[in-house]
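Colleague: I'll drop the sequence and a predicted model, then ask my questions.
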Amino acid sequence: MTETAETSASLVRIVEVDGKGRALVSSVPLRAGQIVLRDSPVLLYSALPLLTPPESSKESPNFKYCSHCFRLVSGAQLSCSPCPSCSLSVFCSPRCQSLSLSTSHTLWVCQALKQLQSFPSARLQGSTDLQVQMCFLFAAYNLAIVSPTNFHTLLSLQGDPSLFLNSTETANSTTFLHSLVSSLLLPSVNQDAVAFSFSLELTAALLAKDKLNAFGLMEPFTPDKERSVRAYGIYPRASFFNHDCLPNACRFDYVDGTPADVNNTDIIVRVIHDVPVGREICVSYFPVNLKYAERQRRLKEDYGFICDCDRCKVEANWSDQEEEELEEENFGDENEAAMDEDDDEEMVADEYGGVAEDASDFPHAYFFLEYMCNRENCWGTLAPLPPSDMTPSTVMECNVCGYLRNSNDPLDAGVLK
Ligand SMILES: C[S@@+](CC[C@H](N)C(=O)[O-])C[C@H]1O[C@@H](n2cnc3c(N)ncnc32)[C@H](O)[C@@H]1O
């Protein structure tokens, strides 16, 4: 991937779209596979339960990943010692440990973790969700201390405090988390620099920013396990991508990639097919195989909107039976997305990845054939590798399992890596 953040930054621009808020649209015609954005996180935090009893701390799920760069800690590194002070964090290298002291694992974070461990609250211990939210709040308030500018950026993202104060249940857990953070002795922060006053409202606002904008860095893919998240990150520029159930872009990360890569937690967004100038670039906020009702439920509950995309408009009219049949045909067994050869005739892509009018009852069939990974239990999205000299690559990469496939090969022809 040769494009830099600087060159790709000019490929998209931010606009306001009615009913969606800010959005990213293409400033130039884009070629399939082109990188439109590379973004680094302003903060990262573990998605795994924070608290484990001290006697079993070596087996803590958190110790699978470096607490700073979130790489899988493997082989000889398994003997890495946890932070001697809090014993809740582990680092994959002296470099990560040393960097973390001024960034992710400052004295305050370390002491706060230690205090939580020493005086555990039964409510916190009993809820993984609260532990993960607590982890986020540590990272967010720590950001206010180590980088007021990035803290401002976090506050500028979409997300209103009312999201975490509007029902008795959420207000109750927000109040609980806020009082826990309050008890953990935030060091004196230069209030002018960060321009915030520590309050329940602020904690609620931060939780809302996290809920609407965090990207998950997944645990390594295995076909026999559900997809699960190892860490969440806030990527401010990537946060401007809106959702579409038939996305024209998808994001990649290479967290466990080359050991020398110091930007291993960056995310890279590539368009999956050609996109004309002025078109909104959207990603899918979850795997594309989810059914209409499930997608609508998640978008409403997690992101607060009703999706009115082209795919939803079509699927809103499907009967349960039709949905079941199409589910069988497309998402049934591994490799069955190939469908019958006869069906193929109706699925002719136009130049921008859309399909011909006569497929109006299932205009997205082509999408699943072409851009959905057919490995068992993967449901990732495929995008071509970046073009070289604007010549599109024929190699498609899956953004979940990472496999590479030549798009000219039959779907069951196996993989390149
Ligand atoms: C990660 S942010 C995307 C950027 C956001 N539009 C902004 O102004 O910052 C997610 C939020 O954008 C809005 N959004 C995203 N996709 C949408 C869509 N397809 N239709 C309506 N609103 C959408 C929702 O408010 C959602 O909670």
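Modeller: Good, I have the coordinates. Numbers count the residues shown, from 1 in each chain.
Colleague: need the pLDDT of the residue of the chain found nearest the ligand.
Modeller: Using C-beta to the nearest ligand atom, the closest approach of the chain to the ligand is made by G21 at 2.8 Å. C-beta coordinates here come from the backbone N, C-alpha and C atoms, glycine included. Here, the pLDDT recorded for G21 equals 97.
Colleague: now the strands for the stretch 151-300 of the chain?
Modeller: Using DSSP state E, counting those that start in this stretch, the strands found in the stretch 151-300 of the chain span residues 215-218, 229-234, 242-243, 249-253, 267-271, 282-283.
Colleague: neighbours around L143, how many?
Modeller: Here the count is done by other C-beta atoms under 10 Å, and L143 has 23 residues near it.
Colleague: I'd like the average pLDDT over the helix or strand containing it.
Modeller: Following DSSP states H and E, one finds L143 within helix 128-146. On average, the pLDDT along helix 128-146 is 94.
Colleague: returning to what we had before: in JSON lines, list the strands of the stretch 151-300 of the chain along with mean pLDDT and distance to the ligand.
Modeller: Shown next, in JSON lines, are the strands of the stretch 151-300 of the chain (pLDDT from 0 to 100; distance: least, C-beta to the nearest ligand atom, whole Å):
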{"stretch": "strand 215-218", "mean pLDDT": "97", "distance to the ligand": "9"}
{"stretch": "strand 229-234", "mean pLDDT": "97", "distance to the ligand": "10"}
{"stretch": "strand 242-243", "mean pLDDT": "98", "distance to the ligand": "3"}
{"stretch": "strand 249-253", "mean pLDDT": "97", "distance to the ligand": "12"}
{"stretch": "strand 267-271", "mean pLDDT": "98", "distance to the ligand": "13"}
{"stretch": "strand 282-283", "mean pLDDT": "98", "distance to the ligand": "7"}
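Colleague: so which of those strands is the most surrounded?
Modeller: strand 267-271 (a mean of 25; mean count of other C-beta atoms under 10 Å).
Colleague: how's the protein carved up into domains?
Modeller: The record's domain split for the chain, according to automatic domain parsing, is 5-40+235-406, 52-212.
Colleague: if we can go back for a sec, name the nearest residue to the residue of the chain closest to the ligand, ignoring sequence neighbours.
Modeller: Sequence neighbours aside, Q158 is the residue nearest to G21 in space, at 6.1 Å (criterion: C-beta to C-beta, 6 or more residues apart in numbering).
Colleague: pretty sure that neighbour contacts F241?
Modeller: No: using C-beta atoms under 8 Å, Q158 is not in contact with F241, being 11.5 Å away.
Colleague: could you check which of the two is surrounded by more residues?
Modeller: Set Q158 next to F241 and count neighbours by other C-beta under 10 Å: F241 wins out with 26 against 15.
Colleague: I figured the more buried one hits S284, correct?
Modeller: No: with contacts defined as C-beta under 8 Å, F241 does not count as touching S284, sitting 9.8 Å away.
Colleague: who's in contact with the nearest residue to P247 once chain neighbours are set aside?
Modeller: By the measure of C-beta to C-beta, 6+ apart, the closest residue to P247 outside its immediate chain neighbours is S284, 4.4 Å from it. Counting by C-beta atoms under 8 Å, 6 or more residues apart in numbering, S284 makes contact with H243, D244, C245, L246, P247, C250, T381.
Colleague: contact residues of the stretch 151-300 of the chain facing the ligand?
Modeller: Within reach of the ligand by C-beta under 6 Å from any ligand atom, the stretch 151-300 of the chain has these residues: Q158, L212, N213, S239, F240, N242, H243, D244.
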